[in-house]
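**Student:** below is the structure, and that's it, no one-letter string:
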């Protein structure tokens with residue numbers, strides 16, 4: 001009699017556990033968010049706005065897919081968002097380097113003077 005009562009409880013617990021796990025975001029969502037934050041911190045909104053916007057749009061789509069329990073789609077969209085953010089970061093770095101070469105960047109801080117060397121006798 002105990003075996004019969006335990007089986008339905010085990011099935012109910014398994015169903016509840018699978019329902020709770022269905023809405024979990026894949027790790028790629030957090031990775032994409034980190035990449036977007038890093039790109040924003042580097043100034044991508046100034047130098048690579050279309051790529052940054054694409055990354056943000058894809059991340060929003062990934063988060064909606066998580067909410068709709070479409071985990072595989074969420075993972076794919078988050079990975080695409082991360083690539084877009086990385087592209088925005090690369091374009092930002094390239095634009096800053098181009099400006100620095102053209103002399104449009106703020107000057108770098110002056111280096112400390114070299115210590116005087118005493119000549120050997």
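**Tutor:** Received the coordinates, thanks. Computed from a predicted structure; not experimentally measured. Residues are numbered from 1 along each chain as shown.

**Student:** go through the top helix by length along the chain and flag the buried ones.
**Tutor:** Ranked by number of residues, the top helix in the chain under DSSP state H is helix 71-102. Across helix 71-102, burial judged by 16 or more other CB atoms under 10 Å covers 71, 74-89, 91-92, 96. Any C-beta I mention is one placed from the backbone N, CA and C, and that applies to glycine too.

**Student:** which helices and strands does that helix pack with?
**Tutor:** helix 27-42, helix 44-47, helix 49-67 (3 or more CB pairs under 8 Å, 6 or more residues apart in numbering; DSSP states H and E).

**Student:** can you redo those as JSON lines with distance to residue 102?
**Tutor:** Listed next are the helices and strands packed on helix 71-102 as JSON lines, based on distance: least, CB to CB, whole Å:
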{"stretch": "helix 27-42", "distance to residue 102": "19"}
{"stretch": "helix 44-47", "distance to residue 102": "14"}
{"stretch": "helix 49-67", "distance to residue 102": "21"}
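
**Student:** identify whichever of those lies nearest to residue 100.
**Tutor:** Smallest distance to residue 100 across the helices and strands packed on helix 71-102 (CB to CB): 12.7 Å, for helix 44-47.
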